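Trainee: Fold the following.
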Amino acid sequence: SESNGIQLKSSNATITGNSFTNMGGSNFPILYSSLDTFPTITGNTTSGSGYNGIGLPGGTFSVSGNWNLPGSSFPYLMNGPLTVPLGVTLTVSPGNTVRSDGNGIYVNGTLNTVGTAPLPIAFTTRNSSPAPGNWLGIYLSPSAGSSSLSYVTISYAGYFHGTGLTNYHYASLFVDGISPNLSNVSISYSEGHGLELNNASPTITNSQFSNNGGSGLLSAGSSRPAITSSSFTFNGSTAPGYFVVSLDATSVPNPTGVTFSGNSYQGIQVRGGSIGISAIWKNWSTNAPYAVTGDVIVDSGQTLTIEQGSTIKLWGTGIYVNGTFSANSTTGRITFTSLADDSVGGDTNGNGTPEPTDLAAGNWKGIYLATTAGSSVFNNCDFSYSGYNHSTGLINYVYSSIFVDTCSPQITNCTFKNSESNGIQLKSSNATITG
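Mentor: Reported below is the predicted structural model:
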């Protein structure tokens, strides 16, 4: 054909068992002229010249509908951004591939993408030589809570320039204020982050995050996802380097059976902030310790619990407890050390093993227990390379690994070594210090 094969506008035609070969120039075997077009379309083939797929216009869907599987190697080809508005559902049938011209998919209604193991659903680039950042990604807004992604792959998105996917968020999938189910989802080759969460607590199972330039998971705004049987591999390559998982202090995932391999900064970064709701820092994996890069404050009336056997690494930062700090390990030990310490948890800061000369006493400040923190417990804990002895120190010119300020915590069976200043400093305290 000199142009398109079939062009549809506001049509529910039945198109089955057809063969399309050599469409003219930059034309399509099937072209939709409007987004209210949802034909029954199966068993077709396409080959030769032209764009081998269904051409989609950019714009906003006005009605709900289902993108059937047109045939083998017969993708949907975007030509502009797509918006699913409130009250509208876009269903993508198993086995489909959606290829973007660089734009994003914005969901305010419902995106129903439930593939199967033999027929996964793919969102990727139209570029014949794919590269990270070829397209923006998928945004699930606070009104898209009924959306579901299962057996879905998202690749080569996360454009990391300008305003990104939306409002300076750079991720292949950005989940904003909702908690959908993400099952058997694979996010790879993002130029920015893989999955970004804001005030979102999805259930993530059997999913893979790999080869993303930023963090595999970036989380903020009190997000508390449950992550089960998932893997993070080879993330964080975009300069200046990103931790494989990056959280603000309000975001506290619940991981089970999560594995890590080959990530540039293989740690669970806590960027700092206040913990206003009691939380547990779970032990993700022995080779992915916590990396606290900003001061963390435990608010009054709240408890931060460190799961036994965990490793917490810090760099120039401290933990300030106005509520309760519970580091009570009865199996194994809890380690608080420098981010530069490769002897436990591996090379978390990605600068080579054995650790170069930046490992030193005073690499981090310490832990401050305020007057309201008397119920805090430290049992079977090891403290190394803390007691920063410069400027104002831990707080108000106090220099120690733990400063107990007019309260009476329990500190038992703990070790303190390589501090730049004091191990424990007490003020008006009846603390219990034994073992």
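Trainee: where in this protein is pLDDT low?
Mentor: 353-356 (pLDDT under 70).
Trainee: Can you read off the backbone torsions of the residue nearest the centre of it?
Mentor: With distances taken as C-alpha atoms, centre = their mean, Leu217 lies nearest the centre of the chain, 1.4 Å away. Main-chain torsions, Leu217, degrees, to the nearest 10: phi -130, psi 120.
Trainee: Next, work out how far apart it and Thr60 are.
Mentor: According to C-beta to C-beta, to the nearest Å, Leu217 and Thr60 sit 30 Å apart. All C-beta spots, glycine's among them, are computed from the backbone N, C-alpha and C.
Trainee: If you count contacts, what does whichever strand or helix holds Tyr139 end up packed against?
Mentor: In the assignment (DSSP states H and E), Tyr139 maps to strand 137-140. Counting contacts by 3 or more C-beta pairs under 8 Å, 6 or more residues apart in numbering; DSSP states H and E, strand 137-140 packs against strand 104-107, strand 171-176.
Trainee: Please export the C-alpha coordinates of that strand as PDB.
Mentor: C-alpha atoms of strand 137-140 as PDB (Å, rounded to 0.1, in the frame of the first residue of the first chain):
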ATOM      1  CA  GLY A 137       7.500   5.900  31.700                       C
ATOM      2  CA  ILE A 138       4.200   5.200  33.400                       C
ATOM      3  CA  TYR A 139       2.600   7.400  36.000                       C
ATOM      4  CA  LEU A 140      -0.100   6.000  38.300                       C
END
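Trainee: I would like the residues contacting that strand, please.
Mentor: 104-107, 111, 123, 147, 154, 157-159, 165-166, 169, 171-176, 178, 180, 190 (C-beta atoms under 8 Å, 6 or more residues apart in numbering).
Trainee: ok, 6 Å please
Mentor: With contacts defined as C-beta atoms under 6 Å, 6 or more residues apart in numbering, strand 137-140 is touched by 104-107, 147, 157-158, 165-166, 171-175.
Trainee: next one: stretch 304-321
Mentor: Residues outside stretch 304-321 that contact it (C-beta under 6 Å, 6+ apart): 275, 279-283, 289-298, 325-327, 329, 331-332, 334-337, 339, 344-345, 348, 364-369, 373, 394.
Trainee: quick one: secondary structure of the closest residue to Ser147 other than its chain neighbours?
Mentor: Spatial nearest neighbour of Ser147, excluding adjacent residues (C-beta to C-beta, 6 or more residues apart in numbering): Leu111 at 4.4 Å. Under DSSP: H, G, I helix; E, B strand; the rest coil, the three-state class of Leu111 is strand.
Trainee: what comes up buried for stretch 377-389?
Mentor: The neighbour-count criterion (16 or more other C-beta atoms under 10 Å) identifies Val377, Phe378, Asn379, Asn380, Cys381, Asp382, Phe383, Ser384, Tyr385, Ser386, Gly387, Tyr388 as the buried residues of stretch 377-389.
Trainee: Now do the contacts for the second one.
Mentor: The neighbourhood of Phe378, defined by C-beta under 6 Å, 6+ apart, consists of Ala327, Ile411, Cys414.
Trainee: Tell me which helix or strand it sits in.
Mentor: strand 377-379.
Trainee: okay, among the contacts of strand 137-140, which ones form the most distant pair?
Mentor: Greatest spatial distance in these: Ser147 and Gly158, 18.9 Å, computed using C-beta to C-beta.
Trainee: With neighbour numbers in mind, choose between the two.
Mentor: Neighbours were counted for Ser147 and for Gly158 using other C-beta atoms under 10 Å; Gly158 has more, 33 against 24.
Trainee: Return the residues in contact with that one.
Mentor: Gly133, Gly137, Tyr170, Ala171, Ser172, Ser190, Glu191, Gly192.
Trainee: what would those residues look like in JSON lines with distance to Leu119 and neighbour count?
Mentor: Listed next are those as JSON lines, based on distance: C-beta to C-beta, whole Å; neighbours: other C-beta atoms under 10 Å:
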{"residue": "Gly133", "distance to Leu119": "28", "neighbour count": "23"}
{"residue": "Gly137", "distance to Leu119": "23", "neighbour count": "33"}
{"residue": "Tyr170", "distance to Leu119": "30", "neighbour count": "27"}
{"residue": "Ala171", "distance to Leu119": "26", "neighbour count": "32"}
{"residue": "Ser172", "distance to Leu119": "21", "neighbour count": "32"}
{"residue": "Ser190", "distance to Leu119": "24", "neighbour count": "33"}
{"residue": "Glu191", "distance to Leu119": "28", "neighbour count": "25"}
{"residue": "Gly192", "distance to Leu119": "28", "neighbour count": "28"}
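Trainee: Could you single out the nearest of the residues you listed to Ser34?
Mentor: For those, the nearest to Ser34 is Gly137 (24.5 Å; C-beta to C-beta).
Trainee: what sits opposite the closest one in the beta ladder?
Mentor: Gly104 (DSSP bridges).
Trainee: Can you show me the strands along the stretch 101-250 of the chain?
Mentor: 104-107, 110-114, 121-125, 137-140, 148-155, 171-176, 181-188, 193-198, 203-205, 208-210, 217-220, 226-228, 231-233, 243-247 (DSSP state E, counting those that start in this stretch).
Trainee: Could you export the ones you listed as CSV, including distance to Ser3?
Mentor: Formatted as CSV, these follow (distance: least, C-beta to C-beta, whole Å):
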stretch, distance to Ser3
strand 104-107, 27
strand 110-114, 31
strand 121-125, 25
strand 137-140, 31
strand 148-155, 31
strand 171-176, 34
strand 181-188, 36
strand 193-198, 40
strand 203-205, 45
strand 208-210, 41
strand 217-220, 44
strand 226-228, 49
strand 231-233, 45
strand 243-247, 48
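Trainee: Tell me which of these lies nearest to Thr16.
Mentor: Closest to Thr16 of these is strand 121-125 (C-beta to C-beta; 20.8 Å).
Trainee: Show me how far that closest one is from its chain's centre.
Mentor: Centroid displacement of strand 121-125 relative to its chain, using C-alpha atoms, centre = their mean, to the nearest Å, is 19 Å.
Trainee: Kindly report the same for stretch 79-94.
Mentor: With C-alpha atoms, centre = their mean as the basis, stretch 79-94 stands 23 Å off its chain's centre.
Trainee: outside of it, which residues touch it?
Mentor: 56, 58, 60-61, 64, 66-69, 101, 103-113, 115-116, 119, 121, 143.
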